[in-house]
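> I'll drop the sequence and a predicted model, then ask my questions.
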Amino acid sequence: MLTHITMKAGSSPGKPALTFMLAPVTVFVGPNNSGKSRALVEIERWATTAQPPEGQVVQNVQFQAWEQAAFEAELRKISVEPQQGEAISPDHVLVGKLRPQDNSAARFQMNRAALIADATSPNGPHRRHHYANYLSLYTLRLDGRSRLSLTDDKPAGDLLRSAPNHLAKLFVSNDARTEVRRIVHEAFGKYLVVDPTNIGQLRFRLSARAPEDDREEQGWDDRARNFHGAATHLSEASDGVKAFVGMLTTLIAGEPNVTLIDEPEAFLHPTLSSRLGKEITAALTGTNKRLFAATHSSSFLMGCVQGGVPINIVRVTYDSGTSTARLLSQDRLVPLMRNPLLRSIGVLDALFYNAVVVTESDADRAFYSEINERLLQARDPRGIEGCLFLNAQNKQTVWDIVHPLRELGIPAAGVVDIDVLKEGGAVWAKPMSGAFVPPISHQAFGTERAALLSAFGRSGKDMKRDGGIALLAGAEREACENFFSQLAEYGVFVVPTGEVESWLQSLPLNRGKSSWLSTVFEAMGADPGSPAYVRPAQGDVWDFLGGVARWVRNPTRKGVPD
């Protein structure tokens, strides 16, 4: 089926377009309006359209060539005999199959030799018309509404010849039915059964107990009717249950070889999203099926990774006309999921934001997040759209969060108090390596840091609590400002006034650590209609966060590796 995808963009502007080999599951992640859903639409067009229009996100899709004998065997499975009065053109084959998108009957003729030629050589200079028609019978794209219809009653069809849909497939496959039943029972405490008692139709039910044997589930006698009569028709379940069962059964037992799901987490609790990701990833292992998902859920993504098999995770972004596409390494994602600090603050959520700001503490995080929110409310360009604020436990662990996020291509800025200058050696090395400052520059930065520390020492005052950079004058102050500007180029932002509590000096309040956050929020006001409500102004913390915004928006920003 599909083997490779080439995106329109690369890891950063000017870099080669991303090309990657497909695994059974490919998950697109990224901020809102980054192109995730668009990627699914364009992949579907490549699979089902003879000459797809030029895409905005996907540049090219490569297909695996069939061996002729293998393809002829597949073709025989969907070939049908003509009905009375139905003529077949010479050298044509009559195909009959339910379309996976809406279960409508597809019945048409195809030139046999042309179709085989397309299937055995699908990557020619022009898209192959006949093969695209064939692939349309095995391609399914699901949105929020269509996934709920997957659990509707379905026709049983002629089970002696070919099961026409995923309910029929489950009905005739004991292994698939047993596996799906296990997963559903672990998720909901109910047993999924396929009810044939409405003659000619199959329907899902949830039973409080498992069937004693196949005859109790698949028969039409009193025992079978009583068993199904005591179970609940799946239509009476919640949308979350229906969505979970529908996607799971379609991917395990359905006929679509290419399934595209936009926001598979819709209707699902995070725990169910994680379980769905894990189970479908494991189920598709070793098959020729391909699943493409566009998600906003770190829970679903974590479940896919925990499935224990290779998957593709592609992060796409779009900002001010600039797009990026980056293949994320599972080797770098797994430590983020296992590290207690990173897991506790929900660091995987960063994959779905434009940028991240990491602060020393939770109080710092809450304050800077509120400042950013007020900038955005005022439509001030110093605000950062789609920014996630995370907190470390101190200035050293800020870089334990920043570093892995930047490895994934996420612009993660670190905000620290001015006393970051106090210690050299291994402590100072953390922001240097965490922010990807070139190693050859570390010594120069370290030497200047030591010189500035001496300058602050000569003031006789505490640089953090007694005024920050204002304690210096003349050339020493200019040197400190230049030093902080150089650090800012790498996304390292040092509070020039000393510490977070030193911002908004015009507000009269107690600046002690224990009560500062609640006091400053009270002083800032909560009602935008009140004259006392603190709005963005020139200078102060507003300009400081504006500096972070400039670094985030700079497509050639330093400190984020390609």
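Now that the structure is in, tell me what you want to look at.
> Thought Ser433 was touching His403, still the case?
Yes - using CB atoms under 8 Å, His403 is in contact with Ser433, at 7.0 Å. Where C-beta positions appear, they are placed from N, C-alpha and C, glycine not excepted.
> Among those two, which residue is more densely surrounded?
More crowded of His403 and Ser433, by other CB atoms under 10 Å: His403, with 17 against 12.
> Please export the C-alpha coordinates of the strand or helix carrying Leu170 as CSV.
Using DSSP states H and E, Leu170 falls within helix 166-172. The C-alpha trace of helix 166-172 is given here as CSV (Å, rounded to 0.1, in the frame of the first residue of the first chain):
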residue,chain,number,x,y,z
HIS,A,166,-16.4,-5.2,10.1
LEU,A,167,-19.4,-6.5,12.0
ALA,A,168,-19.6,-9.5,9.7
LYS,A,169,-15.8,-9.9,9.9
LEU,A,170,-16.1,-10.1,13.6
PHE,A,171,-19.0,-12.5,13.4
VAL,A,172,-17.1,-15.0,11.4
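> and the nearest residue to Gln218 once chain neighbours are set aside, what is it in contact with?
Closest residue in space to Gln218, ignoring its immediate chain neighbours: Pro196 at 6.1 Å, by CB to CB, 6 or more residues apart in numbering. For Pro196, the contacting residues are Ala156, Phe171, Leu202, Gln218, Trp220, by CB atoms under 8 Å, 6 or more residues apart in numbering.
> closest to Phe389 among these?
Nearest to Phe389, judged by CB to CB, of the contacts of Pro196 is Leu202 at 50.2 Å.
> if I've got this straight, the closest one is in a helix?
No - applying DSSP: H, G, I helix; E, B strand; the rest coil, one finds Leu202 to be strand, outside a helix.
> hang on, it packs against Arg177?
No - counting by CB under 8 Å, Leu202 sits too far from Arg177 to count as a contact (11.6 Å).
> anything in contact with each of the two?
Phe171, Val194.
> Remind me which helix or strand Leu206 belongs to.
Element membership of Leu206, judged by DSSP H and E, is strand 201-207.
> which helices and strands does the helix or strand that that strand is followed by pack with?
The helix or strand immediately downstream of strand 201-207 is helix 214-218, counting by DSSP H and E. On a contact count with 3 or more CB pairs under 8 Å, 6 or more residues apart in numbering; DSSP states H and E, helix 214-218 meets strand 191-195, helix 222-230.
> Identify the residues contacting helix 214-218?
Applying CB under 8 Å, 6+ apart, the external contacts of helix 214-218 come out as Phe171, Asn174, Val193, Val194, Asp195, Pro196, Pro211, Asp221, Arg223, Ala224, Phe227, His228.
> Any of those buried? List them.
Buried members of the contacts of helix 214-218, counted by 16 or more other CB atoms under 10 Å: Phe171, Val193, Val194, Asp195, Pro196, Pro211, Ala224, Phe227, His228.
> I'd like those laid out as TSV, including pLDDT and distance to Arg107.
Putting the buried ones among the contacts of helix 214-218 into TSV (pLDDT from 0 to 100; distance: CB to CB, whole Å) gives the following:
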residue	pLDDT	distance to Arg107
Phe171	92	23
Val193	96	32
Val194	95	26
Asp195	95	28
Pro196	94	25
Pro211	95	36
Ala224	93	33
Phe227	95	36
His228	95	33
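> can I get those in a markdown table with distance to Phe300?
Formatted as a markdown table, the buried ones among the contacts of helix 214-218 follow (distance: CB to CB, whole Å):
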| residue | distance to Phe300 |
| --- | --- |
| Phe171 | 29 |
| Val193 | 27 |
| Val194 | 26 |
| Asp195 | 30 |
| Pro196 | 33 |
| Pro211 | 31 |
| Ala224 | 37 |
| Phe227 | 34 |
| His228 | 32 |
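> Now do the strands in the stretch 451-562 of the chain.
Ranges of strands within the stretch 451-562 of the chain are 492-494, based on DSSP state E, counting those that start in this stretch.
> can you pull out the helices in it?
For the stretch 451-562 of the chain, the helices defined by DSSP state H, counting those that start in this stretch occupy 474-488, 516-524, 540-553.
> and Ser34, which of these is closest to it?
For Ser34, the closest of the helices of the stretch 451-562 of the chain is helix 540-553, at 14.7 Å, according to CB to CB.
> Would you mind getting the angle between that closest one and helix 474-488?
Interaxial angle, helix 540-553 versus helix 474-488 (axes from the mean of the first three to the mean of the last three CA atoms, to 10 degrees): 40 degrees.
> then helix 540-553 to CSV, C-alphas only?
Provided in CSV are the C-alpha atoms of helix 540-553 (Å, rounded to 0.1, in the frame of the first residue of the first chain):
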residue,chain,number,x,y,z
ASP,A,540,8.3,46.5,33.0
VAL,A,541,7.3,42.8,32.7
TRP,A,542,5.2,43.6,29.6
ASP,A,543,8.4,44.4,27.6
PHE,A,544,10.2,41.5,29.2
LEU,A,545,7.6,39.0,27.9
GLY,A,546,7.6,40.8,24.6
GLY,A,547,11.3,39.8,24.3
VAL,A,548,10.3,36.2,24.7
ALA,A,549,7.6,36.6,22.0
ARG,A,550,10.2,38.0,19.6
TRP,A,551,12.5,35.0,20.1
VAL,A,552,9.6,32.6,19.7
ARG,A,553,8.4,34.2,16.4
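> And that helix, what's buried?
Of the residues in helix 540-553, Asp540, Val541, Trp542, Phe544, Leu545, Gly546, Val548, Ala549, Trp551, Val552, Arg553 count as buried by neighbour count, 16+ other CB under 10 Å.
> what about this structure, any weak spots by pLDDT?
Scanning the chain for pLDDT under 70 picks out the ranges 101-105, 125-127, 161.
> any idea which residue of it is furthest from its center?
Gly85 (52.1 Å; CA atoms, centre = their mean).
> For that residue, pull up the helix or strand it's in.
Using DSSP H and E, Gly85 is not contained in any helix or strand.
> can you give me the offset of stretch 231-248 from its chain's centre?
Mean-position distance between stretch 231-248 and its chain equals 24 Å (CA atoms, centre = their mean, to the nearest Å).
> who touches it?
The contact list for stretch 231-248 (CB under 8 Å, 6+ apart) reads 142, 147-152, 180, 183-184, 187-188, 190, 192-193, 195, 203-208, 261, 264, 266-269, 272, 276, 279-280, 283.
> Just the buried ones from those residues?
The neighbour-count test (16+ other CB under 10 Å) marks 142, 147-148, 150-151, 180, 183-184, 187-188, 190, 192-193, 195, 203-207, 261, 264, 266-268, 272, 276, 279-280, 283 as buried among those.
> still on that earlier bit, just tell me which of the helices and strands packed on helix 214-218 ends up closest to Ser298.
Nearest to Ser298, of those and by CB to CB, is strand 191-195 at 27.3 Å.
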